[in-house]
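**Q** Pasting the sequence and the predicted model now:
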Amino acid sequence: MKRIFMLLSLSALLFHTGCESKKEAKEEETEFLVTSPLQKDTLITKEYVGQVHAISHIEVRALEKGYLQKIFVDEGQLVKKGQLMFQIMPTMYQAELQKAQAEASFAQIEYQNTKKLASSNIVSPNELAMAQAKLNKAKAEVSLARVHLGFTQIRAPFDGIMDHFEVRLGSLVDEGELMTTLSDNSQMWVYFNVPETEYLDYKTTQQSNNIKHVKLVMANQQVFDYPGIVETIEADFNNETGNIAFRATFPNPKGLLRHGSTGNVRMEVPMTNALLIPQKTTFEVLDKKYVYVLDKHNVLHSREITVAAELPHLYVVQKGLAVGDKILLEGLRLVKENEKIHSKFVEPGKVMSQLELYAE
């Protein structure tokens, strides 16, 4: 019996020792890495809603009244400068030109006769001057009639793409009536609005001789092949929105962009003294972002943060953290609120260098 009691005691001792060993091993395994936000100047990518405009986009209007006799182009067609697009019936204007030419011929004959008479002192110099003025007027009428006749042919003022027709073949068009629009899409202007604070950051950090490149995300979420250049900023802020309009120019050699389309402009905006943290230090609850902050007693507390911008693998923190705060770097799913942990601090610079891409 005594032997049995000793065996039971020994077993209990071994079991207790084993539990203590496992407990100690578990405590050794609960050493978590913590770090702090890194404060530095960086560039963040902002997106702004943009409106695409052709640099040359005009209304094509009739310059003379008449029936639309011919249409030489089609909607959506690429036309060349000087190409004939529309023909208004020229019959009446041809007759007006012939009439003006006949009157000019008559005035020319009358002038020649008066000139001969003046050289013989049969008529006064004033009569000769009047004949000369009448001839000049007749010639001007010929030029004017020729211009009116030319206006019956509507030609492309530049290379561009035709829009839909506002009139149809055989329609009676009035002087000044809209017939179509024409767009030169070889280069495009994209207008986008920037808040005042970001405008000030842009102006204070942008060198006057530096070119600012931007990208355009099209409506299908694809990035346009060619970068644009910010060329102008409008003079005034919009009092209602507090924004100011930027204009970027994009080359469009393939004609993919069209007048009136939309997209988002991506522009790198400088941010001074930004607080950067790895994205993996955060977790979400009901669409809000949180981090675990370690207090001086090594106890974890969740804290909500506001993200100002997102970089590859990084967040720029706008509110919720300070430079010296210690945040949990890894093992977020292994801990809970108000839990005391063993921690090992890792310098923020070392953490950032281990990421695939970090802010520069």
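**A** All right, it came through fine.
**Q** And the helices in this protein?
**A** 2-29, 91-119, 125-150, 196-205, 348-354 (DSSP state H).
**Q** Redo those as JSON lines? Include distance to Asn338.
**A** C-beta: built from backbone N, CA, C; applies to glycine. Shown next, in JSON lines, are those (distance: least, CB to CB, whole Å):
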{"stretch": "helix 2-29", "distance to Asn338": "18"}
{"stretch": "helix 91-119", "distance to Asn338": "92"}
{"stretch": "helix 125-150", "distance to Asn338": "88"}
{"stretch": "helix 196-205", "distance to Asn338": "38"}
{"stretch": "helix 348-354", "distance to Asn338": "25"}
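**Q** can you list these in TSV and add mean pLDDT, distance to Gly160 and mean neighbour count?
**A** Output for these, formatted as TSV (pLDDT from 0 to 100; distance: least, CB to CB, whole Å; neighbours: other CB atoms under 10 Å):
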stretch	mean pLDDT	distance to Gly160	mean neighbour count
helix 2-29	49	71	10
helix 91-119	91	26	15
helix 125-150	92	21	15
helix 196-205	84	33	14
helix 348-354	87	50	14
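**Q** Quick one, which of the ones you listed gets closest to Glu234.
**A** Closest to Glu234 of the helices of the chain, according to CB to CB: helix 196-205, at 10.4 Å.
**Q** Who are the packing partners of that closest one?
**A** strand 243-251, strand 262-278 (3 or more CB pairs under 8 Å, 6 or more residues apart in numbering; DSSP states H and E).
**Q** Name the residues that touch the shortest one?
**A** Here strand 243-251 makes contact (CB atoms under 8 Å, 6 or more residues apart in numbering) with 48, 50, 55, 186-196, 199, 214, 216, 224, 226-234, 236-238, 257, 265, 267.
**Q** Could you list which of these belong to strands?
**A** 48, 50, 55, 186-195, 214, 216, 228-233, 265, 267 (DSSP state E).
**Q** List buried residues within those.
**A** The neighbour count (16 or more other CB atoms under 10 Å) marks 48, 50, 188-194, 214, 216, 228, 230, 265, 267 as buried among the ones in strands among the contacts of strand 243-251.
**Q** ok, His53 to Pro195 distance?
**A** 22 Å (CB to CB, to the nearest Å).
**Q** Could you do Arg168 as well?
**A** Counting by CB to CB, the gap from Arg168 to Pro195 is 47 Å.
**Q** same deal with Tyr111?
**A** 72 Å.
**Q** What does the pLDDT read for Lys296?
**A** Looking at Lys296, its pLDDT reads 91.
**Q** An error on my part: the question was meant for Lys40.
**A** Looking at Lys40, the pLDDT reads 89.
**Q** May I have the beta-bridge partners of it?
**A** Ala274 (DSSP bridges).
**Q** hang on, it packs against Thr272?
**A** No - contact between Lys40 and Thr272 fails when scored by CB atoms under 8 Å: they sit 9.0 Å apart.
**Q** hang on, Thr282 packs against Ile305?
**A** Yes - contact criterion CB under 8 Å: Thr282 and Ile305 qualify, at 7.1 Å.
**Q** Overlap of the contact sets of those two?
**A** With CB under 8 Å, 6+ apart as the test, Thr282 and Ile305 both reach 289-291, 315.
**Q** Could you single out the nearest of those to Asp74?
**A** Nearest member of the shared contacts of Thr282 and Ile305 to Asp74, counting by CB to CB, is Tyr315, at 52.5 Å.
**Q** Specify the beta-bridge partners of that closest one.
**A** According to DSSP bridges, beta-bridge pairing links Tyr315 with Ile277, Glu310.
**Q** Contact partners for the closest residue in space to Asn298 that isn't next to it in sequence?
**A** Leaving out its chain neighbours, the residue that sits closest to Asn298 by CB to CB, 6 or more residues apart in numbering is Lys340, at 5.5 Å. For Lys340, the contacting residues are 297-300, by CB under 8 Å, 6+ apart.
**Q** Tyr199 now?
**A** 233, 244.
**Q** cutoff 7 Å now
**A** Contact analysis of Tyr199 by CB atoms under 7 Å, 6 or more residues apart in numbering lists Ile244.
**Q** Relative to Pro157, how far out is it?
**A** From Tyr199 to Pro157 the distance is 36 Å (CB to CB).
**Q** how near is Asp174 to Asp41?
**A** 62 Å.
**Q** Any idea how far apart the tips of stretch 187-206 sit?
**A** Distance between the two ends of stretch 187-206: 24 Å, counting by CA to CA, to the nearest Å.
**Q** Can you list which of the shared contacts of Thr282 and Ile305 are found in strands?
**A** Checked against DSSP E, those include these in strands: 289-291, 315.
**Q** I'd like those laid out as CSV, including neighbour count.
**A** Below are those laid out as CSV (neighbours: other CB atoms under 10 Å):
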residue, neighbour count
Lys289, 18
Tyr290, 17
Val291, 25
Tyr315, 25
